[in-house]
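Undergrad: here is my input, please return the structure:
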Amino acid sequence: MEGPNVFAARLFPQDNFFVSGHRACQGCAEVLAVRMVHQVLGRNTIVASATGCMEIISSSYPDTAWAIPWIHVAFENSAAVASGVETGLDILMKKGKIPRRRIQVVGMGGDGATADIGLQALSGALERGHNMIYVCYDNEAYMNTGIQRSSSTPFGAATTTSPAGKQSQGQSTWKKNIPMIAAAHNIPYVATASPSYPFDLVAKVKKAMKVKGPAYLHIFSCCPTGWRMKPELAIAIGRLAVQTGSFPLYEIENGKLEINLPTPELRPLKDYLKPQGRFRHLDDATIAEIELRVQAEYRKLERRQGQVL
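TA: I've put the predicted structure just below:
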C-alpha cells in the first residue's frame, strides 16, 4: 500500500517550472497555486502572463523564476496573446516548420486582469475556440498596485478604493461570477479550484489539458497582505472559503455541472470572515445579510448539480 508521500509524488511531478527565487509575500497562496499548476502542465508549456503580482515577483530583471517560455504582456491581453501563440504554433506545425507535438498554451492573470481589464480578450479567445487554457488566480483585488477593489472583490471587503467608514461598509457590489460567464461561451471545460485542496486542483488541471478547445480554471488565491490576515492561515482560509460556501469547488464539463466537494451543512460565514482584517468592520447584521446571499447562491448551484447548463 502506498504511503501519502509516495502518492503525492505520483500525483505531482517532481520537476518545478515556477522555481524558488521569486519575491512573493509570506503565505501567498497564489504562488502555491501557480507552482502546482505548472508542475502538472510540465515542460512543454508556453505562458502569456498579464501584468500583476505574479509578473512582478517572478521577473525582476535580470532574474526570472520561470523555467519554461514565459511572456509578460499588458494587463488586458494575456488571453489574446495566448490565442495568438496557439494559432501561430498550429500554423507552423501544419507547414512542417516545427514538429507536430502537444505544446500547452496558457494565458494567466489575476482577477483584475480577468474579470475587469481583460474580460473582452478572454471572451474573444473563448468564443473563437482556441486550444488553450486560461487560468485566473483570484485574490479578489488589485493587490500589486495597492489593494484596490476589483469586480471580484466580495461585498463588504475593505480595500483602498472601497474603504470602510461611517458612510461605507466597504465594497458595495457583489462578486462577479466569472466562471459562469466563461461557461456561457459553451466551452468544453470550466472549473473552480483552490491550492487548499491540491488533489482536486491537480485533477482539474489534468482535465483541462485533455480538452480540445478552450478550458477555463478559476483558482482561489488567498492574499494575506491584502486580506489583512496571518500568513500561516492561508491554507486554512482557503478551506473555510469552500466550507462556508463562499468559494464552491465545481466543474462544468461539456455543459454539465458537478459540485466536487458537496457541503450540505455550510459552516457559519463568520468562521471565514473573522480572521481577515478586510472584514473586521462588519457588524453582525451585515454578516447575516452576506451569509443569506452566500447560502442562496450555493443552493442555486446545488439545484443545477448534474444538469446541462
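Undergrad: show me where the stretch 1-150 of the chain dips below the pLDDT cut-off.
TA: For the stretch 1-150 of the chain, the stretches with pLDDT under 70 are 1-10.
Undergrad: just the strands in it please.
TA: Counting by DSSP state E, counting those that start in this stretch, the stretch 1-150 of the chain has strands at residues 45-49, 70-72, 104-110, 133-138.
Undergrad: residue boundaries of the helices in the stretch 101-250 of the chain?
TA: 111, 119-128, 178-183, 198-210, 224-227, 234-243 (DSSP state H, counting those that start in this stretch).
Undergrad: out of the ones you listed, flag the one nearest Asp138.
TA: Among those, helix 111 comes nearest to Asp138, with 4.5 Å by CB to CB. Heads up, the C-betas are built off the backbone N, CA and C, glycines and all.
Undergrad: and the top helix by length along the chain, what does it pack against?
TA: Counting by DSSP state H, the longest helix found in the chain is helix 284-303. Under the contact definition 3 or more CB pairs under 8 Å, 6 or more residues apart in numbering; DSSP states H and E, helix 284-303 sits against strand 256-259, helix 270-273.
Undergrad: between these, which one is closest to Ala234.
TA: Of all the helices and strands packed on helix 284-303, it is helix 270-273 that lies closest to Ala234, at 13.0 Å by CB to CB.
Undergrad: that closest one: which residues count as buried?
TA: Lys270, Tyr272, Leu273 (16 or more other CB atoms under 10 Å).
Undergrad: how about stretch 42-56?
TA: Thr45, Ile46, Val47, Ala48, Ser49, Ala50, Thr51, Gly52, Cys53, Met54, Glu55, Ile56.
Undergrad: on that earlier part again, can I get the helices and strands packed on helix 284-303 in a markdown table with mean pLDDT and distance to Gln167?
TA: Formatted as a markdown table, those follow (pLDDT from 0 to 100; distance: least, CB to CB, whole Å):
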| stretch | mean pLDDT | distance to Gln167 |
| --- | --- | --- |
| strand 256-259 | 97 | 38 |
| helix 270-273 | 98 | 21 |
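Undergrad: adding distance to Gln14 as columns, could you present these in JSON lines?
TA: Output for the helices and strands packed on helix 284-303, formatted as JSON lines (distance: least, CB to CB, whole Å):
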{"stretch": "strand 256-259", "distance to Gln14": "30"}
{"stretch": "helix 270-273", "distance to Gln14": "33"}
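Undergrad: still on that earlier bit, nearest to Val85, of the buried residues of helix 270-273?
TA: Nearest to Val85 among these, with distances taken as CB to CB, is Tyr272, at 37.9 Å.
Undergrad: let me see the contact set for that closest one.
TA: Ile237, Leu240, Ala241, Gln243, Thr244, Ser246 (CB atoms under 8 Å, 6 or more residues apart in numbering).
Undergrad: please apply the same query to Tyr134.
TA: Tyr134 makes contacts with 78-79, 82, 106-108, 114, 122, 125-126, 182, 214-217, as judged by CB under 8 Å, 6+ apart.
Undergrad: grab the nearest non-local neighbour of Phe27.
TA: No Phe there; residue 27 is Gly. Pro231 (2.7 Å; CB to CB, 6 or more residues apart in numbering).
Undergrad: spit out the contact partners of the one you found.
TA: Here Pro231 is in contact with Cys25, Gln26, Gly27, Pro224 (CB under 8 Å, 6+ apart).
Undergrad: filter those down to the buried ones.
TA: Applying 16+ other CB under 10 Å to the contacts of Pro231 flags Cys25, Gly27, Pro224 as buried.
Undergrad: let's have the residues you listed in JSON lines, adding distance to Ile71.
TA: Below are the buried ones among the contacts of Pro231 laid out as JSON lines (distance: CB to CB, whole Å):
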{"residue": "Cys25", "distance to Ile71": "24"}
{"residue": "Gly27", "distance to Ile71": "28"}
{"residue": "Pro224", "distance to Ile71": "28"}
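Undergrad: closest to Phe199 among these?
TA: Among the buried ones among the contacts of Pro231, and counting by CB to CB, the member closest to Phe199 is Gly27, at 21.1 Å.
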